[in-house]
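Visitor: everything below, folded, please.
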Amino acid sequence: MNELMNGILVHLGLTFYLQTFVTSDCSGRVNFGGCEIPITDAPWTVGLVSRIDKRFTVETPFCTGTIIDANWILTAAHCTVKYRKDPAKILVIAGADHKTDFKNLTIVQRRTALKIHVHPNYVADFGLRTPDASLIYVHTLIFTKRVMPVKLWDEKWPGEEVLVRCEAFGWGLVANRYDHEHIVYTNSLRKTVIRALHGLCPCLNRRVIQIQLICSHPSSEGGICSGDSGGPLVCNKKLAGVAYAAVAGNCRFFRWWTETPVQLSRNYESLALRMPGTRFHKAL
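Guide: Sure, this is the predicted structure:
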């Protein structure tokens, strides 16, 4: 079982914060969030929608997730923690370009969550100090050009002064205002290009935290927002983190949580060995 997780993410405790600037402020009077893309550009990206009573509200995903295996979706713990006792309230939608595809079963694959496993060290409301990641178990996905697992990060970050081109994907907000009177969710999957820099992010002065940061450079195209949480940060075509919106002082950040292969394999014993009967394979 450790085979998959040995390569899944990098740097335990290396938390990625994607700082937003004026053009990508989640609460500002702006548009943000990159450009529309076809699902074939990011076939590992899924939308998570919630069920009210017996019906799913398939119009708007509340979070985004990443396919890491035919049966497993990686997302943020804060997206799933309240559903742990009733996972069937989450529907995973894979293979969709647009929201209009969500009910089209000739295009998309829909899977009801069967199990949810939140990282054993996750503590709600601990913000920057907690590993915000969880796994959703679903019936086996059929891999196609629209539905595929992501490759897993197995590298070291090149250094604090090195900018790395990364991409964020999600189904979140594309427009908002401080008064929340004008909130617009995307109708399609979107990609934002991030120039990621490790260390020394503004608004956080604790060195112990600074060492754990990757911030977006001001030249980045934009940011992500509500609905993008739990989505993938992909660097060098490999999954490097899980998105989480965070705020520190007057600066807004997006958090990316990752783990080293060795440390993650240890944590995985407590996190995922409780998921019996599944054989894991590395992403192709």
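Visitor: pull the number of nearby residues for residue 142.
Guide: When neighbours are defined as other C-beta atoms under 10 Å, residue 142 has 10 of them. (Glycine included, C-beta is placed from N, CA and C.)
Visitor: quick check, it in a helix?
Guide: No. The assignment for residue 142 is coil, going by DSSP: H, G, I helix; E, B strand; the rest coil, so no helix is present there.
Visitor: give the contact list for it.
Guide: Shown in contact with residue 142 (C-beta atoms under 8 Å, 6 or more residues apart in numbering): residue 109.
Visitor: and the helices in this protein?
Guide: According to DSSP state H, the chain carries its helices in the segments 2-5, 77-80, 207-210, 261-272.
Visitor: run a quick neighbour tally on the closest residue to residue 148 other than its chain neighbours.
Guide: Nearest in space to residue 148, with sequence neighbours left out and distances taken as C-beta to C-beta, 6 or more residues apart in numbering, is residue 43 at 4.1 Å. Counted by other C-beta under 10 Å, the residues lying close to residue 43 total 19.
Visitor: ditto for residue 107
Guide: By the measure other C-beta under 10 Å, the count of residues near residue 107 is 16.
Visitor: just the mean pLDDT for stretch 166-173, thanks.
Guide: The average pLDDT for stretch 166-173 rounds to 79.
Visitor: where exactly do the strands run in the stretch 51-200 of the chain?
Guide: With strands called from DSSP state E, counting those that start in this stretch, the stretch 51-200 of the chain shows them at 55-56, 63-69, 72-75, 90-94, 109-112, 115-118, 134-137, 163-170, 173-176, 184-185, 190-198.
Visitor: dump these into TSV; add distance to residue 47 as well.
Guide: Output for the strands of the stretch 51-200 of the chain, formatted as TSV (distance: least, C-beta to C-beta, whole Å):
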stretch	distance to residue 47
strand 55-56	11
strand 63-69	6
strand 72-75	11
strand 90-94	5
strand 109-112	10
strand 115-118	16
strand 134-137	12
strand 163-170	9
strand 173-176	14
strand 184-185	11
strand 190-198	11
